[in-house]
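> predicted model, plus sequence, below.
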Amino acid sequence: MRGVRVRILLTGVNGQVGWELQRTLAPLGEVIAVDRSRLDLADTAGIRRAVDAIAPDLIVNPAAYTVVDQAESEPDLAHAINAAAPGELAQAAAARGIPLVHFSTDYVFDGRKSAAYTEADAPNPLGVYGATKLAGEQAVARAGAPHLILRASWVYGLRGRNFLLTMQRLLRERDSLAVVDDQFGAPTWSRLIAEATALVIVRWLDRPDQIATSGIYHLSCGGRTSWRGFTAAIRAHLAATDAKLACLTAIPTAGYPTPAARPANSQLDGDKLAATFGVRLPDWETALALCLDQDFPQSIK
């Protein structure tokens, strides 16, 4: 890999992580960034044809069906995008003899563990979204191509639809805001995910045998907070410029019922990624400050 520019097929270019990956992967070679109009992951029959037409040296797949509650009423569509499509991409990669980087989620776990989840912990998803993402992981592993499966948690950013932008709006619009305080995890900025992914890819492809280090890795910020804690940190930043913001109230998960169950603990342990590739994300509070201040010094070590 060192000194060699590669042709990269990047899916999900309009998503939070995919949009950031366009920039971070650009120094590695030619990035062919596609959206649904060019590569519809719900059309598994067309995936192999699209890969053959693009002829990449590497496939990076952050695209996913991520509407957690809606997945409960659209299980077939969620399965097509989250499970069948990654498997087809991995088979296409295996046929071409190229590596694949695929993104997954903390929602493959049931949240009953009190400590951070490691890659060795057994998944047990609570809903359709997590189940289809787990099926995608398994399909990628079965295909036999060199692969990295990167699990992220509580992803947010400054574009699209996500918890950060929703809370910024609601804090300004409402007098009071009730937020769940008994689900825990580590909010992770999409730009940091993309920066770390590019670094991991460089180090992975520099190895003589990518198969030896293929597998699942947790790519998430450090630390732990609740959704209310995350909101309180967002509010504290807004308070520097906004005189009137909603007051926060803590509520249990039962006080905010949703079609899909959420894990009570989504914290992911990043030690394996750090040990294998020397990459570790900062704690979630540092990452949030970087995001909101739009200041990006060297924060990945």
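Yep, that arrived. Here the structure is a predicted model, which is why all the values come from computation and not from measurement.
> using CSV, write down the CA coordinates of the helix or strand bottoming out on mean pLDDT in the chain.
Ranked by mean pLDDT, DSSP states H and E, the weakest helix or strand in the chain is helix 44-54, scoring a mean of 91. C-alpha atoms of helix 44-54 as CSV (Å, rounded to 0.1, in the frame of the first residue of the first chain):
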residue,chain,number,x,y,z
THR,A,44,-28.8,-7.1,-4.4
ALA,A,45,-28.9,-8.5,-8.0
GLY,A,46,-27.3,-5.3,-9.3
ILE,A,47,-24.5,-5.0,-6.7
ARG,A,48,-22.1,-7.4,-8.4
ARG,A,49,-22.6,-5.7,-11.8
ALA,A,50,-21.9,-2.3,-10.2
VAL,A,51,-18.7,-3.5,-8.5
ASP,A,52,-17.5,-5.1,-11.8
ALA,A,53,-18.2,-1.8,-13.7
ILE,A,54,-16.4,0.3,-11.1
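> show me what counts as buried in that helix.
In terms of neighbour count (16 or more other CB atoms under 10 Å), helix 44-54 has its buried residues at Thr44, Ile47, Ala50, Val51. For every residue, glycine as well, the C-beta is placed using N, CA and C.
> for the residue lying closest to Asn124 once chain neighbours are set aside, what are its contacts?
Closest residue in space to Asn124, ignoring its immediate chain neighbours: Asp110 at 4.2 Å, by CB to CB, 6 or more residues apart in numbering. Asp110 makes contact with Asn124, Pro125, Leu126, Pro263, according to CB atoms under 8 Å, 6 or more residues apart in numbering.
> quick one, which of these are buried?
In the contacts of Asp110, the ones that pass as buried (16+ other CB under 10 Å) are Pro125, Leu126, Pro263.
> for the residue nearest to Asn124, pull up the helix or strand it's in.
Asp110 belongs to no helix or strand when elements are defined using DSSP states H and E.
> need the pLDDT of it.
On the pLDDT scale, Asp110 is placed at 97.
> for the residue nearest the centre of the chain, what are phi and psi?
Central residue of the chain (CA atoms, centre = their mean): Ala152, 4.1 Å from the mean position. Main-chain dihedrals, Ala152, degrees, to the nearest 10: phi -120, psi 170.
> ok, now the one 5 residues further on?
Torsion angles at Gly157 (phi, psi; degrees, to the nearest 10) stand at phi -170, psi -170.
> that one contacts Pro187, correct?
No: counting by CB atoms under 8 Å, Gly157 sits too far from Pro187 to count as a contact (10.6 Å).
> and the two? which has more neighbours close in?
Each of Gly157 and Pro187 has its neighbours counted (other CB atoms under 10 Å); Pro187 has more, 26 against 22.
> relative to Glu195, how far out is the more buried one?
Going from Pro187 to Glu195 by CB to CB, to the nearest Å gives 16 Å.
> now the farthest one out in this protein, which residue is it?
Distance from the C-alpha centroid of the chain, by CA atoms, centre = their mean, peaks at Ala243 (33.7 Å).
> are we agreed that that one is in a strand?
No: using DSSP: H, G, I helix; E, B strand; the rest coil, the assignment for Ala243 is coil, not a strand.
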